[in-house]
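> below are the sequence and a predicted model; questions follow.
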Amino acid sequence: MNIINFLTLNMAGVYWNPVLLVILFCILLLIVVVWGRIFFRRDYNRDTGQVKPFNSGLLDEVNYNVQSSNLYWGFRKALDSLYKVMIHNHDGDLNNYLKWMVIIIAACLLLISGGLL
Amino acid sequence: MSKHLPILIITIPLLTAFMMPIAARVGIRFRNVLMLMAILAINIMLLSLIPEVALNFGTIFYTVGAPNPLAINPEGLAFPIRIILKIDGFSLFMGLISGTVALVAFLYSWKFIKEDGKKTYYFILMLLMLVGMIGLEFTNDLFNFFVFMEILSISCAALVAYETEEKHPPYAGYKYMLISAIATSFLLLGIGLLYAQYGSFNMDYIHNEMNHSLLDKMALIFMLIPLAMKAGAIPMHMWVPDTYSEAPAPVTAMLVTASQASLYGVFRLSFSLFGNPISSISINYNSLGWVIIILGVLSMFVGVAMALVQHDIKRLMAFHAVSQTGYMLLGVGVGIAVYAAGDKGAAFESFGKVAMIGGIFHIMNHAFYKGLLFLTSGVIVRRFGTRNLDKMIGLAHRDTFTAVAFIIGALAIAGIPPFNGFASKLLIYESVYKFSPLLSIIAMFVSVLTLASFVKVFYSAFLGPRRDDLIHNTEPISAGMKIGMGILCVLVVLMGLFPEVVIDVLVEPAIAGLVTIR
């Protein structure tokens, strides 16, 4: 019991014991393996086309992967206006980078003179 | 000997750096072994300080050049002149991070950096970087803080510009140098304002004498904003992807730690120099807490949103470094705001302190998993000869070890149990939820986007059919590279499995070093 307490993160409503999670995971894995040995199909053919990904009937292996730049296209499209601003601000121009530091320092100086900080 | 440990931890890498050219003349292997011994010695010395500083919540003062350096308590001095090092829980916490990542980066660099006649300079700069980091984490003297920051900045700029097979490192190094020069100039201006008023550089002395005038607050701004910029906080983070992406992989891992050393500066100056939110309300800490929270949330969201659309693997990881800094700022900001809100007993003990523990714990976790991810990116980029994810495929067939290391790092940064990132993020989610559910939901959403972008990297670089025609470099991964990545993998897993031990031994003393909880 003391060992379990020792390994448990227990503070202010946070209760977390990763060792118990790992033990639970191992037990579940064992169940799945045993289940698989008993019930899974045995006519799986490793060396046939059965194991290859289906890509709209294309046989060319090069086309199996969707390119990285096409992933999450919808997310980017939905936030297109935000991305235009953000990418514009990451243009690699040092003047723009330093401009932000000067702006923040000026803003903070204004804030402290107004008594906020 | 043991009483001189604080100064030895700084001078050993410094002297070893200057011995490197002589050692290289004796032999390459001798040079490498000498450097390994130096970094190992520093790590052992840092570990030997844990019982006194961390377990006993103690503070070591070391007066440089004094006949009995440990005998003088600077708080008892009327006017301290000598340079004084101060090692408390937070200094040691950061020192351990710096030492560990330096060891791993050195092992990785052993074969990763080609032996082309310039490698000795590379190692000298790496040691100077370590001196800069540990020096500014251990010093209690503002001018020394500036000097060590300069040593760190110059060595970082030179290492970023170190020639590798990539395209634009000299420009990236120049960019880092200019950013650092401007930042440290403002830092020096702030230090000068304090010196002009109080006539001393000693942090404890200035803290005791400070009258929190407008000039003091101006000094605070001149010192904090440049440090926040060097830590990569929004909206002064734009240099981070440009610089991190061009530097050699082991240097990028150390750059993460260097940025965290600047973050250390932000926290150290806010708490230890300009007052303690727990003992002094001379500055409106509620506002300061909210400023840090807003910076943290913006850093989290902008960092991850930009990362999600990157095609350059190292730029993607660099934007995640910005995003993860947001978690640290959020945790510490909530801690400050909760205390300053007035309910100093119940609310702070209930969740404010937990938020700070989560934020500080996340610094160490981030250094290790982000270091691991950058090291794996070194293998990936060298294999394909490009950083473009569109031109990568199926590396898991060839480099299983790297694939496994990448999975561990990616799951940790996304906050998936049982890795270390989950433990610190859980503390932040739970505590921040009690402060403001919306902030906690944003933090969780950012973690989902983090996972999504690392799924993209894993899918692009490691999955798919084996394509030997796209492989640019077929050299096997060296033992040093595997050991370097392996050490970080083990640390990420162990810190995830035993977070309570890390919090008890390292994080709670770090918090105690930062704030005095009464």
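Structure's in. What do you need?
> use CA for all of it now, contacts and neighbours both
OK.
> quick one, phi psi at residue B:478?
Here is the backbone geometry of residue B:478 (degrees, to the nearest 10): phi -70, psi 160.
> er, residue B:84 actually
Backbone geometry at residue B:84, expressed as degrees, to the nearest 10, gives phi -120, psi 130.
> list the contacts of it.
Counting by C-alpha atoms under 8 Å, 6 or more residues apart in numbering or on different chains, residue B:84 makes contact with B:61-64, B:74, B:139-141, B:202.
> please repeat the previous calculation with a cut-off of 10 Å.
Neighbour list for residue B:84: B:7, B:61-66, B:69-70, B:72-74, B:138-141, B:144, B:201-204 [criterion: C-alpha atoms under 10 Å, 6 or more residues apart in numbering or on different chains].
> what's the answer for residue A:22, then?
So residue A:22 contacts A:28, B:417-418, B:497 (C-alpha under 10 Å, 6+ apart).
> what of residue B:373?
Contacts of residue B:373 (C-alpha under 10 Å, 6+ apart): B:249, B:253, B:314, B:317, B:402, B:405-410, B:412-413, B:485, B:488-489.
> quick one, which of those are buried?
Listed as buried from the contacts of residue B:373 are B:249, B:253, B:314, B:317, B:402, B:405-410, B:412-413, B:485, B:488-489; burial here means 16 or more other C-alpha atoms under 10 Å in any protein chain shown.
> now, these that are in helices?
In this view, the buried ones among the contacts of residue B:373 that belong to helices under DSSP state H are B:249, B:253, B:314, B:317, B:402, B:405-410, B:412-413, B:485, B:488-489.
> which one of the residues you listed is nearest residue B:154?
Lowest distance from residue B:154 to those (C-alpha to C-alpha) belongs to residue B:253, with 16.8 Å.
> so the closest residue to that closest one other than its chain neighbours versus residue B:365, what's the distance?
Counting by C-alpha to C-alpha, 6 or more residues apart in numbering or on different chains, the nearest residue to residue B:253 once its immediate chain neighbours are dropped is residue B:371, at 4.3 Å. In this view, residue B:371 and residue B:365 are 10 Å apart by C-alpha to C-alpha, to the nearest Å.
> cool, residue B:510 as well?
For residue B:510, the distance to residue B:365 - C-alpha to C-alpha - is 14 Å.
> neighbours around residue B:104, how many?
Residues lying near residue B:104 (other C-alpha atoms under 10 Å in any protein chain shown) number 27.
> now the contacts of residue A:22 as a markdown table including pLDDT and secondary structure?
Shown next, in a markdown table, are the contacts of residue A:22 (pLDDT from 0 to 100; DSSP: H, G, I helix; E, B strand; the rest coil):
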| residue | pLDDT | secondary structure |
| --- | --- | --- |
| A:28 | 96 | helix |
| B:417 | 88 | coil |
| B:418 | 89 | coil |
| B:497 | 92 | helix |
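> and the strands in chain B?
Listed in chain order, the strands of chain B (DSSP state E) span B:60-63, B:84-87.
> who's in contact with residue B:192?
Residue B:192 sits next to B:142-143, B:186, B:198-201, B:219 when contact means C-alpha under 10 Å, 6+ apart.
> the residue nearest to residue B:253 touches residue B:256, doesn't it?
Yes - Residue B:371 lies in contact with residue B:256 (C-alpha atoms under 10 Å); the separation is 7.2 Å.
> looking at these two, which is more packed in?
More crowded of residue B:371 and residue B:256, by other C-alpha under 10 Å: residue B:371, with 28 against 25.
> just to revisit the earlier point, and which of the contacts of residue B:192 is nearest to residue B:89?
Minimum distance to residue B:89 across these is 19.0 Å, recorded for residue B:142 (C-alpha to C-alpha).
> pretty sure that closest one sits against residue B:207.
No - if you go by C-alpha under 10 Å, residue B:142 and residue B:207 don't touch, sitting 11.6 Å apart.
> now for residue B:371 and residue B:256: what residues contact both?
Common neighbours of residue B:371 and residue B:256, using C-alpha under 10 Å, 6+ apart, are residue B:101.
> out of the helices and strands in chain A, which is least certain?
Counting by mean pLDDT, DSSP states H and E, chain A has its least confident helix or strand at helix A:2-6, which shows a mean of 73.
> quick check, that helix touching chain B?
Yes - shown here: helix A:2-6 in contact with chain B (C-alpha under 10 Å from any C-alpha of the partner chain) through A:5-6.
> so what does the residue most central in space within chain A look like in phi/psi?
Centroid-nearest residue in chain A, with C-alpha atoms, centre = their mean: residue A:72, separated by 12.5 Å. When quoted as degrees, to the nearest 10, the phi and psi of residue A:72 stand at phi 60, psi 30.
> that one contacts residue B:456, doesn't it?
Yes - using C-alpha under 10 Å as the test, residue A:72 is close enough to residue B:456 to be in contact (8.9 Å).
> intersection of neighbour lists for the two?
B:308-309.
> what pLDDT, on average, does stretch B:478-491 get?
Stretch B:478-491 carries an average pLDDT of 96.
> that one near chain A at all?
No - legend: contact between stretch B:478-491 and chain A by C-alpha under 10 Å from any C-alpha is lacking; minimum distance shown is 14.7 Å.
> any buried residues in that stretch, and which?
Neighbour-count burial for stretch B:478-491, counted by 16+ other C-alpha under 10 Å, picks out B:480-482, B:484-489, B:491.
> with distance to residue B:351 added, can I get the residues you listed in TSV?
Below are the buried residues of stretch B:478-491 laid out as TSV (distance: C-alpha to C-alpha, whole Å):
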residue	distance to residue B:351
B:480	42
B:481	41
B:482	40
B:484	36
B:485	35
B:486	35
B:487	33
B:488	30
B:489	30
B:491	27
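> what's the closest of these to chain A?
Nearest to chain A, judged by C-alpha to the nearest C-alpha, of those is residue B:491 at 14.7 Å.
> nearest residue to the closest one other than its sequence neighbours?
residue B:368 (7.3 Å).
> is it correct that that neighbour is in contact with residue B:97?
Yes - using C-alpha under 10 Å, residue B:368 makes contact with residue B:97 at a distance of 8.1 Å.
> those two: which has the busier surroundings?
residue B:368 (31 against 21).
> check the gap between that one and residue B:188 for me.
Applying C-alpha to C-alpha, the value for residue B:368 to residue B:188 is 31 Å.
> what's the domain layout of chain A?
For chain A, automatic domain parsing gives the domain ranges A:2-39, A:49-113.
> coming back round to it: quick one, which of residue B:142 and residue B:207 is more surrounded?
Using other C-alpha under 10 Å as the criterion, residue B:142 and residue B:207 rank with residue B:142 on top: 25 against 18.
> and the residue nearest to residue B:112 when sequence neighbours are not counted, how far is that from residue B:401?
Closest residue in space to residue B:112, ignoring its immediate chain neighbours: residue B:481 at 7.2 Å, by C-alpha to C-alpha, 6+ apart. Counting by C-alpha to C-alpha, the gap from residue B:481 to residue B:401 is 11 Å.
> residues shared between the contacts of the two?
residue B:376.
> contact partners for residue 18?
Picking chain A for this. A:7-9, A:24, B:417-419, B:422-423, B:496-499.
> switch to chain B, please.
Applying C-alpha under 10 Å, 6+ apart, we find residue B:18 in contact with B:124, B:127-128.
> redo that, cut-off 8 Å
By C-alpha under 8 Å, 6+ apart, the contact list for residue B:18 reads residue B:124.
> returning to that earlier point: how about the contacts of residue A:22 in TSV, adding neighbour count?
Below are the contacts of residue A:22 laid out as TSV (neighbours: other C-alpha atoms under 10 Å in any protein chain shown):
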residue	neighbour count
A:28	12
B:417	19
B:418	24
B:497	24
